[in-house]
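Q: fold the following for me, if possible:
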Amino acid sequence: MQNSTVMIGCEVVVKELNTRIPKDMPLHLIDPALHVNPDRLRKALQKAIDQEERQYSTLLFGFGLCSRAMEGLQSQHARMVFPLVDDCIGIFLGSKAAHLEQIKKEPGTFFLSKGWIDAGTTPFEEYEYMVKRFGTDRACRLMHRMLQNYTRLAFIDTGCGNDNRIDREYAKKKAVQFGLQYGEIIGTASIFDNLIKADTCNSTHNELLIVPPGEKVTYEMLIKKG
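A: The predicted structure is shown next:
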């Protein structure tokens, strides 16, 4: 195998952290819209595994637990490696603990980053669609209902993108538009960097779950270290 490793990644994660991915590493992108249905996401991931496992000895997953969508995945021929975080927010903040710390600090936080904005998968794009379909008044009511439990919009700067001034201004504008406090959080690519270097990691690495060929991912595996 000329390339022994492939990344199966959410488009949001790949867009956010693409500068950390080796240029010669193959990518298998997964549509972020599948997150709204964990069962569909799981099926898409298993299909990707089935397509890639005979070509590559290691499958890296640019995903978090994602509403347990990783549970039940299995590769008969390749090793699978997952970051031990609940979702991509934990990836961008560097750990599950850092994510929980932000939630504890401000429970009603809606997180945004360059990757989400570039992928066009935020509720704010959905708002524009609702305006066209229902008109501004109804779209505003629906949007405020969607955001009713949020008090802060926090832009995560992982430091991995190019100039993100446009993205930060976009986030500030949306915070003002929908009556949210605005904040910025310094993120990190540390856990993602460790994922990329998984070939040098062993099964005791406390930030990653490494599943040998033939084993099925269980929920207990995903939560035991995280």
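Q: for stretch 143-152, which residues meet the burial criterion?
A: Applying a neighbour-count criterion of 16 or more other Cβ atoms under 10 Å, the buried positions in stretch 143-152 are Met143, Leu147, Tyr150, Arg152. Glycine gets a C-beta too; all of them are placed from N, C-alpha and C.
Q: now swap in stretch 34-45 and tell me
A: Leu34, His35, Pro38, Leu41, Arg42, Ala44, Leu45.
Q: other residues contacting it?
A: Contacts made with stretch 34-45 from outside it, assessed by Cβ atoms under 8 Å, 6 or more residues apart in numbering, are listed as 8, 10, 30-31, 61, 63, 66-73.
Q: tell me which of those residues has the lowest pLDDT.
A: Scanning those for pLDDT, the low point is Ser67. It has 84.
Q: and it, that's in a helix?
A: No: the assignment for Ser67 (DSSP: H, G, I helix; E, B strand; the rest coil) gives coil, which keeps it out of a helix.
Q: burial count for it?
A: 16 (other Cβ atoms under 10 Å).
Q: Met130 too?
A: Counted by other Cβ under 10 Å, the residues lying close to Met130 total 19.
Q: what sits against it?
A: Under the criterion of Cβ under 8 Å, 6+ apart, the contact list for Met130 reads Arg138, Ala139, Leu142, Met143.
Q: so which of the residues you listed is the closest to Ala119?
A: Proximity to Ala119 was ranked across the contacts of Met130 by Cβ to Cβ; first place goes to Met143, at 19.2 Å.
Q: neighbours around the closest residue to the closest one other than its chain neighbours, how many?
A: Counting by Cβ to Cβ, 6 or more residues apart in numbering, the nearest residue to Met143 once its immediate chain neighbours are dropped is Tyr127, at 4.8 Å. Counted with other Cβ under 10 Å, the neighbours of Tyr127 add up to 19.
Q: so which of the buried residues of stretch 143-152 are in strands?
A: The members of those that map onto strands under DSSP state E are Arg152.
Q: and which of the buried residues of stretch 143-152 is nearest Arg168?
A: Nearest to Arg168 among the buried residues of stretch 143-152, with distances taken as Cβ to Cβ, is Arg152, at 14.9 Å.
Q: just checking, the closest one touches Glu184?
A: No: with contact defined as Cβ atoms under 8 Å, Arg152 and Glu184 do not form a contacting pair (10.8 Å).
Q: which residues are common contacts for these two?
A: By Cβ under 8 Å, 6+ apart, no residue touches both Arg152 and Glu184.
Q: now do the residue nearest in space to the middle of the chain against Ile185, distance only.
A: Within the chain, the residue whose C-alpha comes closest to the C-alpha centroid is Cys88; the distance, by Cα atoms, centre = their mean, is 2.7 Å. Taking Cβ to Cβ, to the nearest Å as the measure, Cys88 falls 14 Å from Ile185.
Q: looking at the contacts of stretch 34-45, which are in strands?
A: Secondary-structure check on the contacts of stretch 34-45 using DSSP E: residues within strands are Ile8, Cys10, Ile30, Phe61.
Q: any idea of the pLDDT on the residue in the chain sticking out farthest from the centre?
A: What lies farthest from the middle of the chain is Asp137; by Cα atoms, centre = their mean that is 31.9 Å. Looking at Asp137, its pLDDT is 94.
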